[in-house]
Structure formats: C-alpha cells, structure tokens
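K.L.:
return atomic coordinates for the entry below.
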Amino acid sequence: MSPRPGTVAVVPVDGLPEVTPGADLAALLAGACDLRDGDVLVVTSKVVSKAEHRVRAGSREGALADETDRVVARRGGTTIVRTRHGLVMAAAGIDASNTPAGTVVLLPADPDASAQRLRGSLADVTGMNVAVVVTDTAGRAWRTGQTDIAIGAAGLEVVHDHAGLTDPHGNALVVTAPAVADELAAAADLVKRKLDRRPAALVRGLSDLVLPPGRHGPGAASLVRPEAQDLFGLGAREAVLAALRGDASRGFVAPAPPSEVADALAGLAGPTSVVRREGEVVTALLAGSDEERGAERSRLCTAATAFGWCLKATTDAEHLLRFTQSTP
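P.N.:
Okay, here's the model as predicted:
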C-alpha cells in the first residue's frame, strides 16, 4: 500500500487472534501488518486493556464507581461521567461486549502511557518509526450516534493548530485547530467496523504528522478540555439541582467576571431592588415585603452559584446581599 502524494490510505489490520491478558500486543500487530516509517497505527482501547489485565469480573454498574471522577448526567439507566482520565463518557467507557460473560473491560489506566509503550515495542520489533493512537467510542452532546475518539497517542501531533495563519481570502485564523488524533480515530473506525473483530487499522500518507523517535508529543490527554473551560460540565437537570444546593465546586466552568454576574442578577432582581458591582463584589439591595425578599434572596443566591459565586457572610441587614467569587 503506497498512497499517491497528497492522499491518505486507511486499511484494516486483519488476522489478529483474540487478545488475552498479558499478550504481547506489539508482536501480534507487527506480525499482522507491514509497518513502514511514518505510518500511524490506530488500535482500539479494548485490546490494549485486555493485554494490560484491565478485565474485571462483574457488571458495568459494579465497576462504575471506581472509574468515575464525577457524574455529569443521569437519564434513566444511562450515566454519563467524567472519568479519572478527564474523559466524558457513558458508563466511564466500561465495555461488556466482546468479553466473556460476567466480565467487563475497563479503559487503560493511562492511555497515553499505553500508546508510548506500544510505540516503543513496535520500534524494537520492526525497526520502524510509527505513531500510535489508542481509541474508544464516545457520543457527542449535540449529535445522535457515536464516533471513535483518541484517548491515547504517542509519536503524533494530536492537534494541528492553524492560529496565526490566513485562509485563501486573507482572513486570519484564530481558533481553528483540527483534532488530528480524533480525525484519525474516526477514519480508522470506518474500516475496523464494530462487528468485524478488527481492533486495529493502519493509516499511511501522514508521515509529516509523525514525530521522530524518542518524541512522543503531548498525547491525547492534551485534547481533554480543562474543567475550568468546560461550558457543558453538567447536564441541564444536574446543573439546576447543583445550583439549588449551592454547590458550584465542579461542573460550572470558571467563575464569571463581576460585570457578567451583576448583569445577570440585575435581570433576576425585583423591579424595585438594586444590584450594583462594587469592585470585585456584587451587591443586591432587596426591596418589597419579607416574603418577596425571601423569594428574591433564594433566586439570586441560586443564580450566583451557577456563575461560580456565593453569598458572602455578613452582619448587614437581611435585605443587603454581598456576593463574591466562590473559593475552589
């Protein structure tokens, strides 16, 4: 397989046996395909996990707590969680398919480290410098269906940052940054197919993205958006409940600036109440009856929580509220 210049070839790796705990995955892969310098080998996390003894007895529900950092959303029997890797996935990516009955397969403990080890072993076996991408299947919050994404990577520029470049019309690119590792994961899944027992695919024609030997790159962990920047850290219902509890410790992105909070609270305050920004503090002077002030106080405190702010302890009268940024 030698793609023409400017083209990319993606082919499945056939002939792999069932991967068992402790298997030499690098040797199995090297024996099943003809690796060349500059290739990208895309491997499903399941076979990596099996080789690394990440198979457990029990059910997905029984393993979920240990693999969960925090719950993002629950709907019926589906639980979306942020894993200890920082990935947001249904059931923490725990898989009960293609494994003996009564067992489940967990994600690799450190997918980037797994990719690095596999890359190093492939170099030892074949003498070739290849990149490795470890993938898993994930849904998308705004779209139906699933696609494969990169959860581990080694030897690859996982993001191709276009910031500072210009398009053919001379427009400056500011935030354009294709997630190359995810694109490779999705492309490889087209030939691996879910039901064909093909856990790997070979991508050829992208040698310019493959790093030299000894350089693994930032890994797929660099694709995980930090919680402080995650605008969708909680499901809609869960965000409401957390705000009502006054709990903004996780899932509400970084605290909003004072001007934004003041504008939001002013829009929720009663017609005769006064909301002001005073430096890094937002105050609300409540008006109306005791009942009206009580309801307004509850409403403003809930909204402030959603913005990462909280009611500051004060000895002032009940009708004067002072809000400050919550302490992490």
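K.L.:
now the helices: where do they sit in the protein?
P.N.:
Using DSSP state H, the helices found in the chain span residues 25-32, 45-51, 60-67, 111-126, 180-192, 236-245, 258-268, 290-306.
K.L.:
what comes up buried for the shortest one?
P.N.:
Neighbour-count burial for helix 45-51, with 16 or more other CB atoms under 10 Å as criterion, is recorded at 45-51. All C-beta spots, glycine's among them, are computed from the backbone N, C-alpha and C.
K.L.:
can I get those in TSV including pLDDT?
P.N.:
Listed next are the buried residues of helix 45-51 as TSV, based on pLDDT from 0 to 100:
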residue	pLDDT
S45	97
K46	96
V47	97
V48	98
S49	98
K50	97
A51	97
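K.L.:
and of the residues you listed, the nearest to H319?
P.N.:
Of all the buried residues of helix 45-51, H319 sits closest to S45, with 56.2 Å by CB to CB.
K.L.:
and the closest residue to the closest one other than its chain neighbours, how close does it get to L16?
P.N.:
Closest residue to S45 apart from its sequence neighbours, by CB to CB, 6 or more residues apart in numbering: D136 at 4.5 Å. Using CB to CB, to the nearest Å, we find D136 at a distance of 18 Å from L16.
K.L.:
pLDDT weak spots in the stretch 151-300 of the chain?
P.N.:
161-167, 169-176, 195 (pLDDT under 70).
K.L.:
which parts of it are strands?
P.N.:
Ranges of strands in the stretch 151-300 of the chain, per DSSP state E, counting those that start in this stretch, are 200-204, 274-278, 281-285.
K.L.:
the stretch 1-150 of the chain too?
P.N.:
Counting by DSSP E, counting those that start in this stretch, the strands of the stretch 1-150 of the chain are 9-12, 40-44, 55-57, 68-75, 78-83, 88-90, 103-105, 131-140, 143-154.
K.L.:
okay, now E292: neighbour count?
P.N.:
E292 has 14 neighbours, counted by other CB atoms under 10 Å.
K.L.:
just confirm it contacts A269, I think it does.
P.N.:
No. With contact defined as CB atoms under 8 Å, E292 does not reach A269; the gap is 11.0 Å.
K.L.:
what touches both of those two?
P.N.:
Residues touching both E292 and A269 (CB atoms under 8 Å, 6 or more residues apart in numbering) are L286.
K.L.:
isn't T44 up against A200?
P.N.:
Yes. Using CB under 8 Å, T44 makes contact with A200 at a distance of 7.1 Å.
K.L.:
about what we covered before: in a markdown table: the strands of the stretch 151-300 of the chain, plus distance to R299.
P.N.:
Formatted as a markdown table, the strands of the stretch 151-300 of the chain follow (distance: least, CB to CB, whole Å):
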| stretch | distance to R299 |
| --- | --- |
| strand 200-204 | 53 |
| strand 274-278 | 12 |
| strand 281-285 | 10 |
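K.L.:
so which of the ones you listed comes closest to V130?
P.N.:
With CB to CB as the measure, strand 200-204 is the member of the strands of the stretch 151-300 of the chain nearest V130 (8.8 Å).
K.L.:
against which helices or strands is the closest one packed?
P.N.:
With contacts taken as 3 or more CB pairs under 8 Å, 6 or more residues apart in numbering; DSSP states H and E, strand 200-204 sits against strand 9-12, strand 40-44, helix 180-192.
K.L.:
give me that answer again for 10 Å
P.N.:
Counting contacts by 3 or more CB pairs under 10 Å, 6 or more residues apart in numbering; DSSP states H and E, strand 200-204 packs against strand 9-12, helix 25-32, strand 40-44, strand 131-140, helix 180-192.
K.L.:
highest mean neighbour count out of the ones you listed?
P.N.:
Highest mean neighbour count of those: strand 40-44, a mean of 27 (counted as mean count of other CB atoms under 10 Å).
K.L.:
how far is that strand from where the chain is centred?
P.N.:
Mean-position distance between strand 40-44 and its chain equals 19 Å (CA atoms, centre = their mean, to the nearest Å).
K.L.:
could you list every helix and strand in contact with it?
P.N.:
strand 9-12, helix 25-32, helix 111-126, strand 131-140, strand 143-154, helix 180-192, strand 200-204.
K.L.:
which of those sits closest to L231?
P.N.:
strand 131-140 (14.3 Å).
K.L.:
distance from that closest one to the middle of the chain?
P.N.:
11 Å.
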